[in-house]
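Trainee: below are the sequence and a predicted model; questions follow.
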Amino acid sequence: QVQLVESGGGLVQAGGSLRLSCVASGRTFSNYYVGWFRQPPGKERVFVGRIKLTGARTSYADSVKGRFTISKDNADYTVYLQMNSLNPEDTAVYYCAAGLLASDNPAHYDYWGQGTQVTVSS
């Protein structure tokens, strides 16, 4: 059974940092990309960034470049989203997802986690 499980969300003040984790299990993910997406209240789910599990190439949305960093654990299928200089506009449910395409489109991802809430207070 394929599972992606996010953790690390919470409440943080503006300017603060959080690190989210995503653990993937249930199949071999070596050729997959893991993407991070977020969905603010009442809005659509949007791309944050992604990493290729083989080679670790990353890509980011313009809104988070220079503030967010995606990395992975070489020992297993764990991917991290380090978020710095957070602002209230970053408030959203954050999801990780796995897919075989280097895509910004949520529809191209096959497996999804349950999401974790990030709230940034001003």
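Mentor: It's in.

Trainee: distance check, the spatially most central residue of the chain against V120.
Mentor: Taking CA atoms, centre = their mean, the centroid of the chain lies closest to W36, which sits 2.5 Å from it. Per CB to CB, to the nearest Å, W36 is found 16 Å from V120. For glycine as for every other residue, the C-beta is placed from the backbone atoms N, C-alpha and C.

Trainee: end to end on stretch 74-82, go ahead and measure it.
Mentor: Stretch 74-82 has an end-to-end distance of 17 Å (criterion: CA to CA, to the nearest Å).

Trainee: quick one: contacts of it?
Mentor: Stretch 74-82 is contacted from outside by 17, 19-25, 29, 34, 36, 48-49, 51, 53, 68-73, 94, 96, using CB atoms under 8 Å, 6 or more residues apart in numbering.

Trainee: can you tell me which of the residues you listed are buried?
Mentor: For the contacts of stretch 74-82, a neighbour count by 16 or more other CB atoms under 10 Å gives the buried set as 20-24, 29, 34, 36, 48-49, 51, 53, 68-70, 72, 94, 96.

Trainee: tell me the SS of the spatially closest residue to F47 that is not a sequence neighbour?
Mentor: Excluding the flanking residues, the one nearest F47 by CB to CB, 6 or more residues apart in numbering is D104, at 4.0 Å. Recorded secondary structure, D104: coil (DSSP: H, G, I helix; E, B strand; the rest coil).

Trainee: from the buried ones among the contacts of stretch 74-82, which land in strands?
Mentor: 20-24, 34, 36, 48-49, 51, 68-70, 72, 94, 96 (DSSP state E).

Trainee: from R38, how far off is S121?
Mentor: 17 Å.

Trainee: got it, and M83?
Mentor: Taken as CB to CB, the span from M83 to R38 is 10 Å.

Trainee: can you list residues touching both of these two?
Mentor: The contact sets of M83 and R38 overlap at D90, V118 (CB under 8 Å, 6+ apart).

Trainee: next, the contact list for the residue nearest to R27 when sequence neighbours are not counted, please.
Mentor: Closest residue in space to R27, ignoring its immediate chain neighbours: V2 at 5.3 Å, by CB to CB, 6+ apart. By CB under 8 Å, 6+ apart, the residues touching V2 are A24, S25, G26, R27, A98, Y111.

Trainee: right, I'll call it a day here.
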